[in-house]
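Student: below are the sequence and a predicted model; questions follow.
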Amino acid sequence: MGDSLMTIIAIFLAVILMFLFPMLSVTGIADNVSQLSVETAVTDFVDNSRSIGKVTVANYEKLVNALNATGNSYVIEMERKVLDENIGKKTAWANGQVLGENEYYSIFTSQILGDLLQDQDHIMKEGDHFSCTVKNDNKTISETLRSVFYSISSNDSYQVGASHSGTVTATGAK
């Protein structure tokens, strides 16, 4: 009885060492590859949009296609901080200084996608700030295996994500 119990335990440990640990390693590498791909796609999307001064339908579709190629599903959040210059001047001053400082107001994903869904480009102007954040909203295979193996469970975590932002360098034209 004792020998057969030890044999079963040895087989169980061998399965863990021969299959589960290598599988954890391989799925972790797959997540790393997905992470690199997502970072590259988001950086290209933001930099291209900033340099031409608009978010185009083609550029957004290119981002979505690059994200879908990783096999995960993602939440894409965009924000454009519009430069709202205060052009009021004090008439009593001879030098005509501008009152106050420049302020920014935000336009978010739903408003930007509203333009894109109507087959219109979202036009930005020089000086605006544009940012894009992408996070996976599904559990990757690596996350699933780790949660089973290490008993880790969290609903609000993500494994693959990227963020990039910058100042728009050109005013877009329609």
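Tutor: Ah, there it is. What you see is a predicted model, and the numbers here were worked out from it, not measured in a lab.

Student: which element, helix or strand, includes the closest residue to Ser163 other than its chain neighbours?
Tutor: Nearest non-adjacent residue to Ser163, counting by C-beta to C-beta, 6 or more residues apart in numbering: Thr133, 4.3 Å away. C-beta here means a position set from N, CA and C on the backbone, and glycine is covered the same way. Element membership for Thr133, per DSSP states H and E: strand 129-136.

Student: what packs against that strand?
Tutor: Packed against strand 129-136 by the contact rule (3 or more C-beta pairs under 8 Å, 6 or more residues apart in numbering; DSSP states H and E) you find helix 21-52, strand 74-84, strand 161-167.

Student: the first one vs strand 74-84, what angle?
Tutor: Meaning helix 21-52. 30 degrees (axes from the mean of the first three to the mean of the last three C-alpha atoms, to 10 degrees).

Student: do the shortest one as well
Tutor: Computed with the same axes, to 10 degrees, the direction of strand 161-167 lies at 20 degrees from that of strand 74-84.

Student: strand 161-167: partners in the sheet, and parallel or antiparallel?
Tutor: Using DSSP bridges, strand 161-167 pairs in its sheet with strand 129-136 (antiparallel).

Student: could you point out which element follows the partner strand?
Tutor: helix 141-150.

Student: buried sites along that next one?
Tutor: Buried positions in helix 141-150, judged by neighbour count with 16 or more other C-beta atoms under 10 Å: Ile141, Ser142, Glu143, Leu145, Arg146.

Student: the worst-scoring helix or strand of the chain on mean pLDDT vs helix 21-52, what angle?
Tutor: The helix or strand of the chain with the lowest confidence, counting by mean pLDDT, DSSP states H and E, is helix 141-150 at a mean of 75. Our comparison of helix 141-150 with helix 21-52, counting by the same axes, to 10 degrees, yields an angle of 140 degrees.

Student: helices or strands up against helix 141-150?
Tutor: For helix 141-150, the packing partners by 3+ C-beta pairs under 8 Å, 6+ apart are helix 21-52.

Student: what's the following helix or strand after the helix it packs on?
Tutor: With elements assigned by DSSP H and E, the helix or strand that comes after helix 21-52 is strand 54-55.

Student: residues in contact with the residue most central in space within the chain?
Tutor: Of all residues in the chain, the one closest to the mean position by C-alpha atoms, centre = their mean is Val134, 1.6 Å from it. Contact analysis of Val134 by C-beta atoms under 8 Å, 6 or more residues apart in numbering lists Val38, Ala41, Val42, Leu67, Tyr74, Val75, Ile76, Glu77, Gly161, Ala162, Ser163.

Student: measure the third one to Ser131 for me?
Tutor: So that's Val42. 10 Å (C-beta to C-beta, to the nearest Å).
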